[in-house]
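J.: Fold the following, please.
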Amino acid sequence: MGIFGFFSKEKKEDLNKGLEKTKENVFQKISRAVMGKSKVDDEVLDNLEDVLISSDVGVTTTLKIIKRIEERVARDKYVNTNELNGILKQEIANLLDENNATNFNADIKTKDGDPYVMMVVGVNGVGKTTTIGKLAYQFKKAGKSVYLGAADTFRAAAVDQLVIWAERAGVPIIKQKMGSDPAAVAFDAVSSAKKNGADVVIIDTAGRLHNKINLMNELTKIKNVMQKAIPEAPHEILLVLDGSTGQNAFEQAKQFTLATEVTALALTKLDGTAKGGVVIGISDQFKIPVKYIGIGEKIQDLQLFDKTEFVDSLFGQIKK
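T.: Below is the predicted model of the structure:
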């Protein structure tokens, strides 16, 4: 079985459980939206629009979805409310397809045999360090050699937390004293990983947004310095967002995509929120693929995002 496994029965059950709050929230509201209705009319669509917006799908993305359903209703002439759920799932899956929501296989091979370098960004408190720890654990479990780089040198707590996760995952960590140059730490981590024939190196970075110019300069410097050791580094820039913060996650995505070239997203804490629709909205608005979703606190509760399984788990049979 490959990295992160396939969507086994156990993983599907974990996903269903992790999305339970959002699922219940959406189900209840959509059930009320179609109550007493035999066909999808303007009132049903207005109610559905409210449901999607309240689930933090976002206004722009919600209007896209509603427009698509309106077109289906107009084309098919008569669509009953029993069909609504199937159409909703189809249109959201289609939207994720169009937004580059690739079903990742977590391939970390590089063309030149160098370690695969992941640079992880995100504000403090979103679960960035935890996500790095879980990634390290899953890669290690799959037989990969993993190095961590503690380049968030502005907070002692960040380094200490990453050390704990490195110990849990059983992987080496490269760190320096607090206040050290983050780029120097990243360079050391990448160089050590390359020297020792590692498969992957994951670099933690500072999560400050109060000064975007400084953040941009710092991330650019880290990238440039790492490239002295591995010219293609970083192979991936992963932005970690807290799914439970809803619209605030949109704003964070906006700020970080302006500061650096984000190539993939990880949405955390989806098990603790009724607003898991944020995954759909962020994927649509930023055209950056969601690669990982966090659906629990356990070390194995980080899954590769599978758009089909996600939509199936989120939208079940709506009761009239």
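J.: all contacts plus neighbour counts: C-alpha atoms, from now on.
T.: Fine.
J.: Break the chain down into its domains, please.
T.: For the chain, automatic domain parsing gives the domain ranges 9-98, 116-306.
J.: And those domains: which comes nearest residue 108?
T.: Among these, domain 116-306 comes nearest to residue 108, with 5.7 Å by CA to CA.
J.: May I ask which helix or strand encompasses the most centrally placed residue in the chain?
T.: When CA atoms, centre = their mean is applied to the chain, the residue found nearest the centroid is residue 266 (2.0 Å). Using DSSP states H and E, residue 266 maps to strand 264-268.
J.: List the pairing partners of that strand within its sheet, with orientation.
T.: strand 236-242 (parallel), strand 290-294 (parallel) (DSSP bridges).
J.: Average pLDDT for the longest one, rounded please.
T.: Average pLDDT, strand 236-242: 94.
J.: With just CA atoms, put it into CSV.
T.: Provided in CSV are the C-alpha atoms of strand 236-242 (Å, rounded to 0.1, in the frame of the first residue of the first chain):
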residue,chain,number,x,y,z
GLU,A,236,6.2,21.8,-2.8
ILE,A,237,5.0,24.8,-0.8
LEU,A,238,2.2,23.7,1.4
LEU,A,239,-0.1,26.2,3.0
VAL,A,240,-1.8,25.0,6.2
LEU,A,241,-5.2,26.5,7.0
ASP,A,242,-7.6,26.0,10.0
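J.: in that strand, what counts as buried?
T.: 236, 237, 238, 239, 240, 241, 242 (16 or more other CA atoms under 10 Å).
J.: ditto for stretch 133-147
T.: Those would be 133, 134, 135, 136, 137, 138, 139, 140, 144, 145, 146, 147, for stretch 133-147 by 16+ other CA under 10 Å.
J.: Residues touching that stretch, excluding its own?
T.: With contact meaning CA atoms under 8 Å, 6 or more residues apart in numbering, stretch 133-147 is reached by 2-4, 148, 162, 165-166, 168-174, 189, 193, 197-202, 299-302.
J.: Check stretch 190-207 too.
T.: 108-109, 114-124, 128-129, 132, 136, 144-154, 182, 186, 189, 219, 226, 229-230.
J.: quick one: which of the residues you listed sit in helices?
T.: Residues of those located in helices (DSSP state H): 128, 129, 132, 136, 182, 186, 189, 219, 226.
J.: Strands along the stretch 101-250 of the chain, start to end?
T.: 116-121, 146-150, 173-174, 200-204, 236-242 (DSSP state E, counting those that start in this stretch).
J.: so which of those comes closest to residue 15?
T.: The nearest among the strands of the stretch 101-250 of the chain, by CA to CA, is strand 236-242 at 16.8 Å.
J.: coming back round to it: any chance of the buried residues of strand 236-242 in TSV, with distance to residue 262 too?
T.: What follows is those, written out as TSV (distance: CA to CA, whole Å):
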residue	distance to residue 262
236	8
237	5
238	6
239	6
240	10
241	12
242	16
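J.: Start and end of stretch 196-207, how far apart?
T.: 29 Å (CA to CA, to the nearest Å).
J.: tell me which residues of that stretch are tucked away?
T.: Buried, per 16+ other CA under 10 Å, within stretch 196-207: 198, 199, 200, 201, 202, 203, 204, 205, 206, 207.
J.: Stretch 112-127 now?
T.: Those would be 114-124, 126-127, for stretch 112-127 by 16+ other CA under 10 Å.
J.: And stretch 213-221, by the same measure?
T.: Going by 16+ other CA under 10 Å, stretch 213-221 has these buried residues: 215, 216, 218, 219.
J.: got it, and stretch 165-176?
T.: Buried, per 16+ other CA under 10 Å, within stretch 165-176: 165, 166, 169, 170, 171, 172, 173, 174, 175, 176.
J.: Let me know the closest of those to residue 306.
T.: Out of the buried residues of stretch 165-176, the member with the shortest distance to residue 306 (by CA to CA) is residue 169, at 24.4 Å.
J.: Name all residues that make contact with that closest one.
T.: 133, 134, 136, 137, 140.
J.: any chance of those residues in TSV, plus distance to residue 283?
T.: Shown next, in TSV, are those (distance: CA to CA, whole Å):
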residue	distance to residue 283
133	24
134	22
136	25
137	26
140	28
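J.: so which of the residues you listed comes closest to residue 308?
T.: residue 134 (23.0 Å).
J.: So for the closest one, what's the pLDDT?
T.: 93.
J.: count of residues packed around residue 251?
T.: 12 (other CA atoms under 10 Å).
J.: Next SSE downstream of the worst-scoring helix or strand of the chain on mean pLDDT?
T.: Here the helix or strand of the chain ranked lowest by mean pLDDT, DSSP states H and E is helix 9-18, holding a mean of 68. Using DSSP H and E, the helix or strand that follows helix 9-18 towards the C-terminus is helix 20-34.
J.: quick one: low-confidence parts of the stretch 201-320 of the chain?
T.: Across the stretch 201-320 of the chain, the ranges flagged by pLDDT under 70 are 209-211, 274, 316-320.
J.: all helices in it, in order from the N-terminus.
T.: 212-226, 247-259, 278-286, 307-314 (DSSP state H, counting those that start in this stretch).
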